[in-house]
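Asks: my questions are about this predicted structure, shown below with the sequence.
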Amino acid sequence: MKNKWEIKLPGKTYFLKQHPEMSLEKSKTLKKVELVIPVYNRRETTLQALRSLSRIADTNLNVHIIVVDDGSTDGTGEAIRRDFPEVQIVEGDGTLHYAAGTNRGIAAALERQPDYIVTMNDDAIYHEQFLQRLVKTAEANPRSVIGALLLLWTEPHKVFQVGYEWKTTAGGWLQKENLTAFDYPQEPFEVEGMAGNCLLFPVEAILECGLLDEKKFPHGWGDFQYVVRMKKMGWQLLIEPKALVWCEPNTDPKPLHQLTKTEVLRILFRNRRHPLNLQRQFIMRWESAPTKRQAFLGFLAYLLSLTAKPLKLNAKNKLKAPIKF
């Protein structure tokens, strides 16, 4: 038996101690599940999520929660210790961001030798049966990563970030919009990609595929690339439509056509944290597209769409302009 697990990332290797008295053999009666939540300066949002998780059904499950607090200055850590002393807190220094924060949580979870690890966001409300249903689907579908059905908490029936598919001519990954929970099958269904708001991983998937790529995706899209990488390594991606999670809507950045030329250039070429930064957009496609050729062509299609939007807007504005005689 190995004394250590090794999980390697570019420029970094995690060595995870293995306890001799523990085994990777799964219990027939009690499944060990670790919930991993990276957080930063959203105390009330985080506490709301933990209150939601405190009410979930845990029959035949041994559930443990790990919160990675990346140097919050709003009292998040203190509030968790006061209200939820059973929750394990992994401290960060403010430089982890999403991918590295999730990785530190997964590393801590692996030390406890679970059957499953669930990565999740704090800006969500969880149905009391969501975890039971994720585990049940995973048990019935070997070599599968299971995602919850994400819904908007402002419109509780409306689906959020579910069912991605690649379309090269449209510039890359697309998701269906304006669908409700009633538009999807009532049984687990396969998808090409999943957002990381609530994903259940068999521990074997993580040991086989490694951690999130925190070097290439420190701020965003690391979760999506992670599951697509697993799919390429032979893991099925399934959505369990009865595992319901209500999420806070995303805050979209201001459209480029509403910004000055200086602001647009800064975003496209210099601001690596902005979701519309061209380097980020290219890396996302390069690392997650079905093939490298599709990634390159998809990026070209995306660039063409960026060019076409201002032209369409200018033409539309000219049509609206009053006719001068």
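Replies: Okay, I see it.

Asks: from Phe84, how far off is the closest residue in space to Leu96 that isn't next to it in sequence?
Replies: Excluding the flanking residues, the one nearest Leu96 by CB to CB, 6 or more residues apart in numbering is Asp70, at 4.5 Å. For the C-beta atoms, the positions are set from N, CA and C on the backbone; glycine is no exception. Distance of Asp70 to Phe84, computed by CB to CB, to the nearest Å: 18 Å.

Asks: hmm, back to that, check whether the residue nearest to Leu96 really touches Ile89, as I assumed.
Replies: No - checked against CB atoms under 8 Å, the pair Asp70 and Ile89 is beyond contact range at 10.9 Å.

Asks: and the two? Which one has more around it.
Replies: Higher neighbour count among Asp70 and Ile89: Asp70, with 21 against 18, using other CB atoms under 10 Å.

Asks: so how far is His274 from the more buried one?
Replies: 20 Å.

Asks: do the same with Ser305
Replies: Separation of Ser305 from His274 (CB to CB): 17 Å.

Asks: which one of those two has more residues nearby?
Replies: Neighbours were counted for Ser305 and for His274 using other CB under 10 Å; His274 has more, 16 against 12.

Asks: which ones are touching the closest residue to the more buried one other than its chain neighbours?
Replies: Once flanking residues are discounted, His274 sits nearest to Ile267: 4.7 Å by CB to CB, 6+ apart. By CB atoms under 8 Å, 6 or more residues apart in numbering, the contact set of Ile267 is 256, 259, 274, 276-277.

Asks: what helix or strand is Ile267 located in?
Replies: helix 261-269 (DSSP states H and E).

Asks: tell me the helix or strand right after that helix.
Replies: Note on helix 261-269: by DSSP H and E, the next helix or strand toward the C-terminus is helix 278-288.

Asks: buried ones in that following helix?
Replies: The neighbour-count check on helix 278-288 (16 or more other CB atoms under 10 Å) flags 280-285, 287-288 as buried.

Asks: which of the residues you listed sits closest to Tyr126?
Replies: Checking those against Tyr126 with CB to CB, the nearest one is Ser288 at 26.7 Å.

Asks: hang on, isn't the closest one packed against Asp213?
Replies: No - if you go by CB under 8 Å, Ser288 and Asp213 don't touch, sitting 10.4 Å apart.

Asks: which residues are common contacts for these two?
Replies: In contact with both Ser288 and Asp213: Gln225, using CB under 8 Å, 6+ apart.

Asks: in its sheet, what does the lengthiest strand in the chain sit against?
Replies: Once the chain is assigned using DSSP state E, the strand that runs over the most residues is strand 236-247. According to DSSP bridges, strand 236-247 has the following sheet partners: strand 124-126 (antiparallel), strand 144-152 (parallel), strand 189-190 (antiparallel).

Asks: does His274 really touch Arg280, like I thought?
Replies: Yes - between His274 and Arg280 there is a contact at 7.5 Å, judged by CB under 8 Å.

Asks: I'd like the mean pLDDT over stretch 118-135, please.
Replies: When pLDDT is averaged along stretch 118-135, the result is 97.

Asks: with that, I have no additional questions.
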